[in-house]
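K.L.:
Fold the following, please.
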Amino acid sequence: MEYTYSVDRYDEMVNSNISEDLKSFENWKIIKYDDILSLYELLPDNLKQKIKQTIGMRRLYSEVLPVIIPKKHDFRFPLVTEALTRPDKISTFKDCKIFASVYNETDRNPYRNTYGIYVYYQHQESPCFVIYRTGPLKISSKTKLFISWMMFGYDKFPTKPLSKLDVEYTEHIDTTENANADINFQIPIKEDHCWIGTNTLLYDDNQSYELGKTNVMVTYYFCSKNNTSVQACFKPNSVTSPLKFKFNYVAILKTDEKTIRQTRDEWRSRERHFGLLQGRSIFTGERWSLPKDKKVVFASILYPDSLSIQKRYSLLLNINPKYPITKSLVEIAENPKCRIKYVVYRN
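P.N.:
Residues are numbered from 1 along each chain as shown. Next comes the predicted model:
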């Protein structure tokens, strides 16, 4: 039974049996939709935020950014990229987390140059990458790096499954101190996962910082405990005035769109004249033979919980198609006892 009613026929409708049909919803069906409004949009802001945090962030965007380092660039000062272009489908950088890794595709002796990276915000909508380097102050030839980066954020209408991303944690850490942060979970992470991290620096928190001039190096690692907790450790080198970094770290879960693997703790020293040195600082790890067409790769240093803190060295980590490259900011007397956990995105 179908009826089409109009205001002009109201009196006729009331004086007929049609009005009886209106008393039962079973006699009605939808014949047209206007704009559909999600019930989520009717909630107060505090409940919206709780729903987002419960469901978690997901990857909204990823890209590989080529970076050319000019010949004889003076690495007493860091290299600063152009401000990142906001992707069309992202309305704002606010509340998003940016993660970045250094992919050094150099085929011959890639360990000769090891780089670090962090994200700098001149203001909330203008992030850029700051790249620093250890070793000789100048390089003899033009070098090309690739910066794999991705953005995590909340869906406008959070409906994605929880398995996309279960953990997100952000902490402010003062660079004048070393910091350890224990992350504990109410529900154990049973799936295979990879921890990744990236440091960020905001101008509003660090007005003494001079972009392109202030040279600070930051290292971090993770310490595996069990599937209910992990420890993130953050260590900067000394600077003339304290800076406040934000350290973003997150657990990436294994899904069909990405591969997660782990190397063994086998490292080879790459010092040119090791016999003349008291210590060593440059190492290459187990060969992993990454496909050269897959540059969206992120990796992290993972120490066992049983290893003493004194043996957990602070290392820079670079990704090369042949093997991982690590460099200690100071010479150490032994090879590191860490593994590399890494994730390779297929698209």
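
K.L.:
A strand includes Ile260, no?
P.N.:
Yes - under DSSP: H, G, I helix; E, B strand; the rest coil, Ile260 falls within a strand.

K.L.:
what's downstream of the top helix by length along the chain, the next helix or strand?
P.N.:
The residue-count maximum for a helix in the chain (DSSP state H) belongs to helix 45-55. Sequence-wise, the next helix or strand downstream of helix 45-55 (DSSP states H and E) is strand 58-69.

K.L.:
Can you give the strand pairings for that next one, parallel or anti for each?
P.N.:
Sheet pairing of strand 58-69 (DSSP bridges) gives strand 143-153 (antiparallel).

K.L.:
Name the residues of the strand it pairs with that are buried.
P.N.:
Across strand 143-153, burial judged by 16 or more other C-beta atoms under 10 Å covers 143, 145-153. C-beta: built from backbone N, CA, C; applies to glycine.

K.L.:
Likewise for stretch 61-68?
P.N.:
Neighbour counts over stretch 61-68 (16+ other C-beta under 10 Å) mark 61-62, 65, 67 as buried.

K.L.:
In a markdown table, list the buried residues of strand 143-153 along with pLDDT.
P.N.:
Listed next are these as a markdown table, based on pLDDT from 0 to 100:
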| residue | pLDDT |
| --- | --- |
| Thr143 | 85 |
| Leu145 | 92 |
| Phe146 | 94 |
| Ile147 | 96 |
| Ser148 | 94 |
| Trp149 | 95 |
| Met150 | 92 |
| Met151 | 90 |
| Phe152 | 86 |
| Gly153 | 82 |
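
K.L.:
With respect to Glu286, which of those is nearest?
P.N.:
For the buried residues of strand 143-153, the residue nearest Glu286 by C-beta to C-beta is Ser148; the value is 20.4 Å.

K.L.:
Quickly list what the closest one is bridged to.
P.N.:
In this entry, Ser148 is beta-bridged to Val64, Ser101, by DSSP bridges.

K.L.:
between the longest helix of the chain and strand 143-153, how many degrees?
P.N.:
Angle, helix 45-55 to strand 143-153, by axes from the mean of the first three to the mean of the last three C-alpha atoms, to 10 degrees: 120 degrees.

K.L.:
I'd like the average pLDDT over helix 45-55.
P.N.:
Mean pLDDT, computed over helix 45-55, is 77.

K.L.:
packing partners for that helix?
P.N.:
Helices and strands touching helix 45-55, by 3 or more C-beta pairs under 8 Å, 6 or more residues apart in numbering; DSSP states H and E: there are none.

K.L.:
so how far is it off the chain centroid?
P.N.:
Per C-alpha atoms, centre = their mean, to the nearest Å, the displacement of helix 45-55 from the mean C-alpha position of its chain is 21 Å.

K.L.:
Please apply the same query to stretch 317-329.
P.N.:
Mean C-alpha position of stretch 317-329 versus that of the full chain (C-alpha atoms, centre = their mean) differs by 18 Å.

K.L.:
swap in stretch 299-318?
P.N.:
Counting by C-alpha atoms, centre = their mean, stretch 299-318 comes out at 19 Å from the chain centroid.

K.L.:
Can you give me the buried ones in that stretch?
P.N.:
By neighbour count with 16+ other C-beta under 10 Å, stretch 299-318 contains the buried residues 299-303, 312-318.

K.L.:
Could you dump these into TSV with secondary structure and pLDDT added?
P.N.:
Formatted as TSV, the buried residues of stretch 299-318 follow (DSSP: H, G, I helix; E, B strand; the rest coil; pLDDT from 0 to 100):
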residue	secondary structure	pLDDT
Ala299	strand	95
Ser300	strand	93
Ile301	strand	93
Leu302	strand	92
Tyr303	strand	91
Arg312	coil	88
Tyr313	coil	89
Ser314	coil	86
Leu315	strand	91
Leu316	strand	92
Leu317	strand	95
Asn318	strand	95
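
K.L.:
coming back round to it: may I have the longest helix of the chain as PDB, with CA atoms only?
P.N.:
Below are the C-alpha coordinates for helix 45-55, written out as PDB (Å, rounded to 0.1, in the frame of the first residue of the first chain):
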ATOM      1  CA  ASP A  45      33.000  17.000  21.400                       C
ATOM      2  CA  ASN A  46      34.300  15.200  24.400                       C
ATOM      3  CA  LEU A  47      32.500  12.000  23.400                       C
ATOM      4  CA  LYS A  48      33.600  12.300  19.800                       C
ATOM      5  CA  GLN A  49      37.200  12.500  21.100                       C
ATOM      6  CA  LYS A  50      36.800   9.400  23.200                       C
ATOM      7  CA  ILE A  51      35.400   7.500  20.300                       C
ATOM      8  CA  LYS A  52      38.300   8.500  18.100                       C
ATOM      9  CA  GLN A  53      40.800   7.400  20.700                       C
ATOM     10  CA  THR A  54      39.100   4.100  21.200                       C
ATOM     11  CA  ILE A  55      39.100   3.300  17.500                       C
END
